[in-house]
Structures are given as C-alpha cells and as structure tokens.
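# have a look at this fold, sequence not included:
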C-alpha cells in the first residue's frame, strides 16, 4: 500500500539535509560579513570582545568536559552537573570567607614573595573545591545512578534531573547555602593591564589608557591558564595512563571491557569524580570572574556548557573544549555586534544549526542512539 | 560492608553541609523572619475579637534580601509602637509577614494566601514593582487596602485605562520623578554623554531607564548608547566594552544592588571610567562600596537629614535593630504609620473607609510630609547620595 507522504521531493529534502546546509550558508555568510565589518571598522574593539568571549568560553569548557566524559562512559546526560558546579563555587566561598584558606601559605611564611603566596593560596582553594565536588559526585553516583545501570536510560535521566533539583533546593535551605545572592570574596586582588599599539602597562588611577588597546585582567589569565592546564592534565590521564585506557575501553564497549578484567564500576565512579572535579574548578573560576554566588547559579552555565558539549560532539573531549570556545565567542560577539537581549537565543540556535548539518557534533563519534 | 561506607559518606556530607551554615554571612535575615513566624502560625482563619490583621509582603529571600529585612524591620517597629500605645482604633495589631521574594509569582501566592486564608484587609507591600503590580490587581479586586513602601513604577497605583486604583497607595515617589532627578543631577554636574543599561524584564529598571533617557536628552544631554540585559546575566563584559567604546561620561544603571555589584566589579576590571549612577535600588548594606566608590544614586531619604523626626527615628531604629535605617526601613515604617493613622481616623476595620481616609490624609512621615495626589502617589522630595570611602553621603535634595 503506497503511503501518501512518500513524496520524493520531501524525501530528498530530508535526506540531503539541504535545509540545514542552506541555513548554514546564509548564517555563515552573515557572520563573516559582520566579522569583516567589525574587523575593518574597529579592530581593537573586536579583539577586546574576543578576549571577553575567551574568558567565558574557557569556563564553559571545564563544565562541558564533565558532561562529555560522563556521557561517553555511561551514555547519561548528567543534568546534576551544573549543580555540582554550584557546590564547588559555594565551597570556595566558605573556604575563603570562613577559613581564609587562601591565606594559609602567607600566614606560615610571611616573608615569601606575596604573588607566589597568593598563587599557592588560590590553587589550594581550587583544589579544595575540586576534592569536595569529586566526593559529592562519587556519592551521587553510588546512591542514584549505580542502582539504575541496568534500567532503561530514561530512568537514569530523570534521576539526574531529580538530583539536580535536590541539590538546588537543599542548598537553598537556610542552614545550608541560604536562598540569597551572596557577594563572593575573591582570593586575590584584581589587577588589569592594557596592551596595544600605545604600549603595555597596568591600570592605575591617573594613568590614561591609550586608544586601541585591549584590556585584560589577572582573572582572565588565571582562567585561561587554569583551563588549559586542567585540559592537558585530563588529556594525559585519558591518553597516557592505565586508568585512562580503562576509561576509554569502558566507553568503547563496556561488556568486553569487563571481560578483559576491567572493573567497570570503579572506572565509572572515577570518571564521575573526575568530571565533577573539573566542574568544581570551573565553579571557583566562574565565581572569581562574576563574584556572586546563589543556589541556582548552576542552571544557565550548566545548560550552556551542555549545549557546547553537544555542539562539539558529545563523547569527545577535544570536541567539548572546541564547542565551549565556540559558544563563548558566539555569545559575546552576538551580544556585542547583533543584539544583547538576543545573545542567548543566538547562542542556542547555534546548536540547532550544527545539529541540522552534522548530528554527531563537530568532532563527535557516531553514536547509535542518544537519549 | 559497602553499604556502611556509603551510609557514612552520606552522613558526612549532610554534616559538612550543615557545618557550612553561613552564620558568618553578612545578613542575619533569619531573625526577623522567625520573630514574625510565631505570629503567623497563631493566626486562625477568623480574627480574634479586638484584633486587626495587617500583612507584610517582603522579599526576605531571593535576589534582594536586605530590602526584605529592612522593610519588615520598619513594619514591625511601627506595629510594635502602636501596639504599645494600645493598638489602633482599640484593636491589637496582628502582623502577618510573608516572603514574596521580589518576584511576581511568589508575591501573588503570598497575597492570595493572606487574603483568602488569613482574611487580611490591609497589606503593606511589596517592595519591588514587578511584584507589587500583580499584587495590586489582586488587592483592588478583593477590596483590600495595599500600600507599597517602595515600589516606584507608576502603574502600581493605576489601572490599565489610566484611572487610579481605589485601594492601592504607595509611600514613595514614582519613577518618572526619580528618573528626572538623576537626569537633572547628571546634567548639572556637566555630563553630556550618557549610556543606559536596563533589564528589559524588570518593570522598575525599565521605568527608570526610560524616564532618565527622555529627560537627559530634554536637559541637553546625549544618550550615546542603550543596552538591555536579562535578570540572570552574569557576564557584562560585552556591554561594558561597548560602554567604553562609546565614550560615555555617565553609565546609568538603575537596577538592584545585586546586579550593580556585578556590573561595577566588571566595569572596574575593564577600565570603564564613566561615572555610574542609579536609583533607590542601590540602597543596601550589601552594596559593594569599593566597586561603586565615587558614584551617585537617587534615594528617598538620607539618615544624615537634620530634621528632628529623622534624628529620633534613626536613634530608635539603631537601638532596636543595631543598624542605621536605610530608605526601605524608613519607608516601610512610614507606610505602616500612614495605614495605621488612616485606620485610627476611621475607627473601625473597614477597608473601603480606610482607603477613602488615606486618600485625603496629611501626615508627617520620617521621609517627609505626605499628602496623596490624584494617583495615590505622595508629593515628596528626593535626595541624591554619593558613595565615598565606604560610606554613603548626602549630596543634594531635589523637590518636585
């Protein structure tokens, strides 16, 4: 019996993905035109916006890495990841404001150069957050996700959403994080520099900044350096260590990996912990850049990082990084050159366009099914 | 064995989270809310003989908890003072405090609860215009008198057709006046170019920004740019870079202190030299004075005012709550007093009569003498304050 909707034209449209390609060409042309216009009219402004976008992109990258790793291993989109990020931010808030953890080195060795002592202090704060988040994720995995390993994937997904809400609203209780928007205290002083054809220098009152210079702060430097460092460490772990090999094996084919003698449960727990540690670091860095912490702060960055991971190819680590950088740029440049209220709409439309042409993402591997 | 490890991990976490209870956190907002909670628990569906219920809708949690704390403090101070003198019109005042979080949905739920379940006829609230506007519609329909201490958006007291709501009043000036004050101040200071940032989804911010832009141009200035952002935005670097590039001398940001803190911190990092100016949403103990040092905002009153009534109020409030009253506490105190004075003049729990009495009242409030105009808005002056070296100082007073 011939079905009415087997119109050959429609079939061709769907199969050849012509709509997606057309969208991509039109929007790509528009973007190139705008960028060209921006570059020629005011290159230093454009570069400044790119720098702004990079800062955002690197923070999203750390969160996106967690999403992509967990998906790669257990094919679960961990919606609670954004809230682990929030817990990391709050942990650093408490260690800094309550226990002055960022000052421990300075207090023990007062004669040590201040800059290095500050760096050591900040690193300690980040490590503390990473440890707490890793422990949290390990616990969540054992309580909520492990019992559902054999269940249909949708159950684990819904559980992830449940854990997300639980973390948020338990954190909103008065004896935990409170539902208030708390101003974050940074573990170091912010310093800004300008660089450009007029020279290089620091901001000080009374110093006029020459035209066409780009401004960046030590926050930007710390975020970029920390993200790159953590990415390299992650790459090393995944590619060069035995546990990394085990992770890749379990991601590739879990039953066979178990046959080869790999303890898949331990590997999965370690992956969760690793992803969460990165989210914890991201939480600290994000709070340093945007000094306000509150119990729902993980929702939007979590969503954007998830989109970034999908755009880059979920399951692929370099893909997540690339996707996050693209998202950061898309958000900042569209806010700068198109329209600020539409920045989120544009950034998320990127997801639709990329998936229309390349459903597995930019660097994604072919997955048989995605929940 | 494994289950024990798991259990101990969970318990460890719960303990760790509980230990993280922010007792050292800046605002001790738990105290006034808990004080009022027993009063609210005790309220049965019917009024006890000889008592009158007054509700307070206040943003005790959410983005602006210091506003809520101050407002409820001011409200409770007025209630306690009247109760100490024997109540109002011979009835003891039963206060009911609800948390409305400065947002429309929780405020509407709170309003419905106090009106339907508790049978309240008088509301002092809300603080934020976005919450007061929907509550005012409920109050008007239910015949409940509402006086907002600090909602400055003009439409709080107006129906859609422009007529005045019979039961809704406010104790503060309105945004059209406040925007004008800052525009005038900016042009008087010699600034010619202004950049306006506004949150499209917030009635208060939008109202102020629109008036400022209009008046600034009227007084001879130029608006070199206008950008919108959303309430959940944290990254303002793209907008602030545009502000820098536009050569603006003034950055008008009439938002609440939580957003101002974020924007000001990022502005400093990016080297934005434009002088930031804002509205009464800046008035908070949690405002990051280091980030906005040297900048100005318009407000309802200054604790440094030398009038006797202000001096007495500041002393009494400081003694009771251990902090200098901000504009929100003062206005809440004034709003509650206005309401109670109107009830006293009527002599009974009759909302319609109280509304009529309030429309014609003339009362000496801490923030100035209050008489209501045809739109139920008080005719009052504004002050311009400057943040300098960690303190907020009085700069000028502007009469309507």
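That came in fine, so what should we check first? What you see is a predicted model, and the numbers here were worked out from it, not measured in a lab.
# which residues does the residue nearest the centre of chain B contact?
Taking Cα atoms, centre = their mean, the centroid of chain B lies closest to residue B:127, which sits 3.8 Å from it. With contacts defined as Cβ atoms under 8 Å, 6 or more residues apart in numbering or on different chains, residue B:127 is in contact with B:58-59, B:64, B:67-68, B:71, B:102, B:148-151, B:328. Every C-beta, even on glycine, is put in place using the N, C-alpha and C of the backbone.
# mind checking pLDDT for it?
The model reports residue B:127 with a pLDDT of 92.
# over to residue B:4?
75.
# residue boundaries of the strands in chain B?
B:51-58, B:92-99, B:122-124, B:145-148, B:168-170, B:193-199, B:222-229, B:250-252, B:275-278, B:296-299, B:362-365, B:368-371, B:382-388, B:391-398 (DSSP state E).
# nearest to chain A, of those strands?
strand B:222-229 (4.8 Å; Cβ to the nearest Cβ).
# count the neighbours of residue A:259 for me.
9 (other Cβ atoms under 10 Å in any protein chain shown).
# any idea how far it lies from chain B?
23 Å (Cβ to the nearest Cβ, to the nearest Å).
# count the neighbours of the residue nearest to residue A:226 when sequence neighbours are not counted for me.
Nearest residue to residue A:226, sequence neighbours excluded (Cβ to Cβ, 6 or more residues apart in numbering or on different chains): residue A:285, at 6.1 Å. By other Cβ under 10 Å, the residues close to residue A:285 number 27.
# and the helix-or-strand element of chain A with minimal mean pLDDT, is it in reach of chain B?
Ranked by mean pLDDT, DSSP states H and E, the weakest helix or strand in chain A is strand A:199-202, scoring a mean of 74. No: Strand A:199-202 lies out of reach of chain B by Cβ under 8 Å from any Cβ of the partner chain, never closer than 10.7 Å.
# distance from that strand to the middle of the chain?
Its chain's C-alpha centre and that of strand A:199-202 lie 31 Å apart, by Cα atoms, centre = their mean, to the nearest Å.
# elements contacting it?
Where contact means 3 or more Cβ pairs under 8 Å, 6 or more residues apart in numbering or on different chains; DSSP states H and E, strand A:199-202 is packed against strand A:192-196.
# give me the sheet partners of the strand it packs on and which way each runs.
Strand pairing for strand A:192-196, using DSSP bridges, gives strand A:199-202 (antiparallel), strand A:214-217 (antiparallel).
# save the ones you listed as TSV, and put in mean neighbour count too.
As requested, these are exported to TSV (neighbours: other Cβ atoms under 10 Å in any protein chain shown):
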stretch	mean neighbour count
strand A:199-202	11
strand A:214-217	20
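# wait, which of those strands is closest to residue A:281?
Of all those, strand A:214-217 sits nearest to residue A:281, with 18.7 Å by Cβ to Cβ.
# up against chain B, what does the stretch 201-350 of chain A have?
A:203, A:209, A:215, A:217, A:219, A:286, A:289-292, A:294, A:297, A:300, A:331-333, A:335-336, A:340-341, A:343-344.
# in helices only, show me those.
A:219, A:286, A:289, A:300, A:331-333, A:335-336, A:343-344 (DSSP state H).
# ok, now which ones touch the residue of the stretch 301-400 of chain B found nearest chain A?
Chain A sits closest to residue B:389 of the stretch 301-400 of chain B, with a gap of 14.0 Å, by Cβ to the nearest Cβ. By Cβ under 8 Å, 6+ apart, the residues touching residue B:389 are B:289, B:293.
# okay, it and residue A:291: tell me how far apart.
21 Å (Cβ to Cβ, to the nearest Å).
# likewise for residue A:298?
Residue A:298 sits 16 Å away from residue A:291, going by Cβ to Cβ.
# where does pLDDT dip in the stretch 151-300 of chain A?
A:204-207 (pLDDT under 70).
# list the contacts of residue A:24.
A:353, A:356-357.
# for it, phi and psi?
phi -60, psi -40 (degrees, to the nearest 10).
# what separation do you get for it and chain B?
In terms of Cβ to the nearest Cβ, residue A:24 sits 24 Å off from chain B.
# what of residue A:248?
Residue A:248 is 27 Å from chain B, by Cβ to the nearest Cβ.
# could you do residue A:180 as well?
On the measure of Cβ to the nearest Cβ, residue A:180 and chain B end up 5 Å apart.
# re the thing from before, what would the ones in helices among the residues of the stretch 201-350 of chain A next to chain B look like in a markdown table with neighbour count?
Converted to a markdown table, those look like this (neighbours: other Cβ under 10 Å):
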| residue | neighbour count |
| --- | --- |
| A:219 | 22 |
| A:286 | 30 |
| A:289 | 25 |
| A:300 | 15 |
| A:331 | 25 |
| A:332 | 26 |
| A:333 | 23 |
| A:335 | 29 |
| A:336 | 26 |
| A:343 | 23 |
| A:344 | 18 |
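# for those residues, work out which two are farthest apart.
A:219 and A:344 (22.6 Å).
# where does the prediction get shaky in the stretch 301-400 of chain B?
Checking the stretch 301-400 of chain B against pLDDT under 70 turns up nothing.
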